[in-house]
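Enquirer: show me how the following folds:
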Amino acid sequence: MDLVSLLLLAVVDSINPSAIVVTLTLISIGRSPIHVALYIAAVFVTYLTVGFLALLGIDSLLPPLGDILRSRPGLIGQCLTGAALLVFALRAKPEPAPMDIRSTSAAGTGAAIIALGVGVTLLEMPTAIPYLAAIAILTAGELGLEQWAPLLVGYNVIFVSPLCLLLAGHVVLGDRFGDRYEAFRARLEQGARTTTLWVLGIVGSLLVSTGVIEYAFRYGS
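Expert: Prediction:
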C-alpha cells in the first residue's frame, strides 16, 4: 500500500473550500468557539463514518477487488481516470461559485450547527475524489480492520486540521483578525471552483503517476 499517496491525498482533501468557507463564516459572524468546534466535530465524524461504511461494506470484496485494481486493465483504467481528471482540470474554465450559508448558520442551537456540519459534508461527498481514491488505496492494500481503521482516522484528522487551525487562531487572537477572516472567506468563495480544479488536477496526476509506476513494477520487462 502506498502510504505516501494516502498522505498526499489527505493533504489535498484538507483544502476543502466548502468546509473552510463555512468555518470562516461561523467565525466572522460571531459564533462561539464551542459552536465552531461542534461544526468541525460534525464534519469529522460524518466524513469518518462514510469512510468506515464504505470500507466495511466492501470488506468481503477486498481480495478480488484488490486483484482487479492491480491487474493490467485495473492499472490502465486508473491511469485513464487520472488522465481524464487532469485534462478536465486543465481545460475547464474557473468561474466564481459563491456560497451563501449565512441564513443556514443563523440558527444558534448546537443541534443546528451539527446539522450544518453533517449536511455540508454529505453534499460534498459526490465530489470527494481524494477520499474515494484513498478508500481505493486502502481497499487494494487488503488490510484488516485493525490496520486500515487507524489509517482512516489519521486521514480524517488531516482532513479537518485546517479547520482546527482556524479555530485555534480565533481562540488565541479573538476578534483582532475578524475583518481578515471575512476577507479571506470572500476570496475563498470566489476561488472555490479554481481550488476544486486544482484538487482534481493533483488527484489526476497522482492516479496517473502511481498507476504508471505500479504497472512498470508489476508488468514491465
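Enquirer: from I29, how far out is G154?
Expert: According to C-beta to C-beta, to the nearest Å, G154 and I29 sit 32 Å apart. In this view, the C-beta of every residue, glycine as well, is placed from N, C-alpha and C.
Enquirer: and for G204?
Expert: Relative to I29, and taking C-beta to C-beta, G204 is found at 36 Å.
Enquirer: equivalent analysis for F159, please.
Expert: The value you get for F159 to I29, if C-beta to C-beta is used, is 24 Å.
Enquirer: now do D13
Expert: D13 is 26 Å from I29, by C-beta to C-beta.
Enquirer: okay, these two: which has more neighbours?
Expert: Using other C-beta atoms under 10 Å as the criterion, D13 and I29 rank with D13 on top: 24 against 14.
Enquirer: what's the nearest residue to the more buried one if we skip its chain neighbours?
Expert: Counting by C-beta to C-beta, 6 or more residues apart in numbering, D13 lies nearest to P130, which is 3.8 Å off, once chain neighbours are set aside.
Enquirer: so that neighbour sits against V12, correct?
Expert: Yes - with contact defined as C-beta atoms under 8 Å, P130 counts as touching V12 (5.1 Å).
Enquirer: between those two, which has more neighbouring residues?
Expert: Set side by side, P130 and V12 show more neighbours around P130, with 25 against 22, by other C-beta under 10 Å.
Enquirer: could you dump the helix or strand harbouring the more buried one to PDB, C-alpha only?
Expert: If you go by DSSP states H and E, P130 is part of helix 129-140. The C-alpha trace of helix 129-140 is given here as PDB (Å, rounded to 0.1, in the frame of the first residue of the first chain):
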ATOM      1  CA  ILE A 129     -12.400  12.500  -5.300                       C
ATOM      2  CA  PRO A 130      -9.400  12.300  -3.000                       C
ATOM      3  CA  TYR A 131     -11.300  10.400  -0.400                       C
ATOM      4  CA  LEU A 132     -12.600   7.900  -2.900                       C
ATOM      5  CA  ALA A 133      -9.000   7.500  -4.100                       C
ATOM      6  CA  ALA A 134      -7.800   7.000  -0.600                       C
ATOM      7  CA  ILE A 135     -10.500   4.300   0.000                       C
ATOM      8  CA  ALA A 136      -9.400   2.600  -3.200                       C
ATOM      9  CA  ILE A 137      -5.800   2.500  -1.900                       C
ATOM     10  CA  LEU A 138      -6.900   1.000   1.400                       C
ATOM     11  CA  THR A 139      -9.100  -1.500  -0.500                       C
ATOM     12  CA  ALA A 140      -6.200  -2.500  -2.700                       C
END
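Enquirer: and the following helix or strand past it, what does it pack onto?
Expert: Where DSSP H and E defines the elements, the next helix or strand beyond helix 129-140 is helix 145-173. Helix 145-173 sits against helix 3-14, helix 17-28, helix 33-57, helix 129-140, with contacts defined as 3 or more C-beta pairs under 8 Å, 6 or more residues apart in numbering; DSSP states H and E.
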